[in-house]
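Participant: Kindly generate the corresponding structure for this input.
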Amino acid sequence: MKRLIALVITLFICLVSLSEGLAQVSTPEYQGVIVSTPQADGAIYHPVVYGDSLWAIAEAYGLTPSEINILNGNAPDSAEVYANTILLIRKAFTPTPTIDATPTPVSHTQQPTVFQPSRTAIPTQTAYPTPTATPPPSTSQILFGNSRNVGLFLISSSLIGIVLVVVFGFLRKPR
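Facilitator: Modelled structure (predicted):
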């Protein structure tokens, strides 16, 4: 029995040391913030890598964290950056417009006005509409042509129904 317990303890210690050896995978050592070079238009973009902090990035570029957040559309008091994102550090320069050519005044020589008569429009024949007979409205169109007539019909049929219920249900009782 003592041998069995010793064997179990030995196996347990071996498994623990083996799992610790597997868990100690070497992680790359963080080198610090690598500053990006400006692009042709002057804009600077910084790719965030694992281990970068907003404070360290801002310090590397000589800015404050709130300035970087505002440039990227984040809240000024936010302190979070995520790996594999790209931060805008400086916007592109806006080119200043320059005038290439100077305008030269153009002199206009007076020309006589030549009168050209306009052409008179040639009249054309237009087809006149022909009268067509309109059929008279049907009875249902007359009765239910507008909502007022529909309302009056519903009220009158309801009143007739109430009168019939009163007459046959209450007044005329079988003997």
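Participant: show me where pLDDT drops low in the protein?
Facilitator: 1, 4, 6-8, 11-12, 14-28, 143, 172-175 (pLDDT under 70).
Participant: at 90 instead, please
Facilitator: 1-42, 50-51, 75-76, 78-80, 82-83, 92-154, 164-175 (pLDDT under 90).
Participant: Look up phi and psi at the residue nearest the centre of it.
Facilitator: By C-alpha atoms, centre = their mean, the chain has its centre lying nearest to Gly73, at 16.6 Å. The phi/psi pair for Gly73 (degrees, to the nearest 10) reads phi 80, psi 20.
Participant: Same check on Tyr45?
Facilitator: phi -120, psi 140.
Participant: hang on, isn't it packed against Gln39?
Facilitator: Yes - judged on C-beta atoms under 8 Å, Tyr45 makes contact with Gln39 at a distance of 7.4 Å. Every residue, glycine included, has its C-beta placed from N, CA and C.
Participant: just to revisit the earlier point, any idea how far Pro105 is from the residue nearest to the centre of the chain?
Facilitator: Remark: distance between Gly73 and Pro105 (C-beta to C-beta, to the nearest Å) = 49 Å.
Participant: Strands of the chain, residue ranges please.
Facilitator: 44-47, 86-90 (DSSP state E).
Participant: May I see those arranged in CSV, with distance to Pro131 as well?
Facilitator: Shown next, in CSV, are the strands of the chain (distance: least, C-beta to C-beta, whole Å):
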stretch, distance to Pro131
strand 44-47, 77
strand 86-90, 75
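Participant: Alright, calling it a day.
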